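Asks: pasting the structure only:
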């Protein structure tokens, strides 16, 4: 199977606080710096699970861009999309409180300027699945790029899937976000609970709501099925669990939820979002 993802290639900085943050003071923390971005994470997990994986993204020639491109290459992910000079690699900082709650601060950098001129039909060649990160849909040029690549992917018989990515962005865009997702005619849409609430009525042939440790619900052909979560010992980092879940779901249609939960369970026992 070949999985193509469209979206971001970023630097993830995960800050796990040992105590609640204190204004104007120093708090001990464990800090991890790893490659990231939702589309990159899904591609890396797809490769680890045995698929051919290609990431379509704008990437930079700065030190950060070279570092994360090399890391993804070592994980078996093929990189496609323009290599740009004079732009900075985007960064996402995940601040994880002692109780496990997260606050994300995002600077999309070069990834945030993806547009239709950055993609072409050859990038979807041979695809079985095209997975679009919802961050790409927050800007009109990114949404146009997604439609162009989705049309190409369908010409190869691929399924098109979307992860809604950000409740804040959905609320900001409102009906425009619904229109941009609908324009892709997705086969599967992934969302967490906050994203699903912000988005409103389900869309797509399958609507998958990720509920973390409480499992997930899947709405397909009007039938809603709830799945219990897996019990996992030694949880270290939940940052990339949703992306691992999506990769497992996409690769194994016959037992999608079970394989998705297995991938997510492995993810949360490691630091960072990559396998």
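Replies: Yes, it's here. None of the values given here were measured: they were computed from a predicted structure. Numbers count the residues shown, from 1 in each chain.
Asks: so which strand or helix has residue 41?
Replies: Residue 41 belongs to helix 38-48 when assigned by DSSP states H and E.
Asks: could you give me the average pLDDT of that helix?
Replies: The average pLDDT within helix 38-48 is 94.
Asks: hmm, who's touching it?
Replies: Among residues not part of helix 38-48, those counted as contacts by CB atoms under 8 Å, 6 or more residues apart in numbering are 3, 5-10, 35, 53-57, 68, 72, 75-77, 131-136, 163, 165, 240, 243-244, 246-248, 250-251, 263, 267, 273-275. In this view, the C-beta of every residue, glycine as well, is placed from N, C-alpha and C.
Asks: shaky segments in this protein?
Replies: Across the chain, the ranges flagged by pLDDT under 70 are 233-239, 269, 271-272.
Asks: how about the residue nearest in space to the middle of it: what's its closest non-neighbour residue?
Replies: Closest residue to the average C-alpha location of the chain: residue 38 at 2.6 Å, with CA atoms, centre = their mean. Nearest in space to residue 38, with sequence neighbours left out and distances taken as CB to CB, 6 or more residues apart in numbering, is residue 133 at 4.1 Å.
Asks: what pairs with that neighbour across the strands?
Replies: residue 163 (DSSP bridges).
Asks: surely it and residue 10 touch.
Replies: No. With contacts defined as CB atoms under 8 Å, residue 133 does not count as touching residue 10, sitting 10.6 Å away.
Asks: for those two, list the residues in contact with both.
Replies: Contact with both residue 133 and residue 10 is made by residues residue 37, according to CB under 8 Å, 6+ apart.
Asks: going along the chain, name the helices of the stretch 101-250 of the chain.
Replies: Read by DSSP state H, counting those that start in this stretch, the stretch 101-250 of the chain holds these helices, from start to end of the chain: 140-155, 167-173, 175-182, 193-199, 241-251.
Asks: residue 205: what's it in contact with?
Replies: Applying CB under 8 Å, 6+ apart to residue 205 gives the contacts 186-188, 220-221.
Asks: and the residue nearest to residue 38, how many neighbours does it have?
Replies: By the other CB atoms under 10 Å criterion, the neighbourhood of residue 133 contains 28 residues.
Asks: one more: residue 231?
Replies: When neighbours are defined as other CB under 10 Å, residue 231 has 7 of them.
Asks: ok, it to residue 258 distance?
Replies: Here the distance between residue 231 and residue 258 works out to 14 Å (CB to CB, to the nearest Å).
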